[in-house]
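Peer 1: here is a sequence with its predicted model. Questions after.
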Amino acid sequence: MIPAIYDRRSIRKFLSTPISRLDLEEIIKSAVKAPSSKNRQPWKYIVVQGEAKEEMLQVFRKGIVKEETGNALLPKSKRFIAAAKYTADI
């Protein structure tokens with residue numbers, strides 16, 4: 001396990017190759033096994049693909065514009081705008 005900790009890296013570029021349903025199911029099965037504080041296991045996973053993903057990103061981007069143009073719903077949100085834009089683009 002120690003090599004996994006030391007050798008880990010942050011991925012900031014992603015391929016446009018779709019992930020197979022089988023791989024997604026395996027990833028989620030593995031994620032469910034992750035430890036949680038006091039064994040609460042508050043996991044909820046949602047996989048959004050295709051047209052639904054694009055619709056979600058449009059809503060996300062509209063929210064960013066609202067926050068930028070003074071119609072902010074979230075106080076002090078300006079410090080998170082750059083990160084939100086980056087997330088929408090990856």
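Peer 2: Happy to help now that I have it.

Peer 1: buried residues, the helix ranked longest in the chain. List them.
Peer 2: Using DSSP state H to define each element, the chain has its longest helix at helix 50-68. Buried positions in helix 50-68, judged by neighbour count with 16 or more other Cβ atoms under 10 Å: 63, 64, 67. For every residue, glycine as well, the C-beta is placed using N, CA and C.

Peer 1: so can I have a markdown table of those showing distance to residue 74 and pLDDT?
Peer 2: Listed next are those as a markdown table, based on distance: Cβ to Cβ, whole Å; pLDDT from 0 to 100:
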| residue | distance to residue 74 | pLDDT |
| --- | --- | --- |
| 63 | 9 | 91 |
| 64 | 11 | 93 |
| 67 | 6 | 89 |
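
Peer 1: can you lay out those as JSON lines showing distance to residue 9?
Peer 2: Output for the buried residues of helix 50-68, formatted as JSON lines (distance: Cβ to Cβ, whole Å):
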{"residue": "63", "distance to residue 9": "30"}
{"residue": "64", "distance to residue 9": "28"}
{"residue": "67", "distance to residue 9": "31"}
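
Peer 1: go through those residues and name the one nearest residue 83.
Peer 2: residue 64 (10.3 Å; Cβ to Cβ).

Peer 1: which residue is the nearest non-sequential neighbour of the closest one?
Peer 2: Nearest residue to residue 64 in three dimensions, chain neighbours excluded: residue 84, at 5.2 Å (Cβ to Cβ, 6 or more residues apart in numbering).

Peer 1: how many residues are close by that neighbour?
Peer 2: Residues lying near residue 84 (other Cβ atoms under 10 Å) number 16.

Peer 1: cool, and the one 4 residues further on?
Peer 2: By the measure other Cβ under 10 Å, the count of residues near residue 88 is 14.

Peer 1: and it, how far from residue 5?
Peer 2: 30 Å (Cβ to Cβ, to the nearest Å).

Peer 1: ok, residue 52 next?
Peer 2: In terms of Cβ to Cβ, residue 52 sits 35 Å off from residue 5.

Peer 1: residue 79 now?
Peer 2: Counting by Cβ to Cβ - residue 79 and residue 5 are separated by 30 Å.
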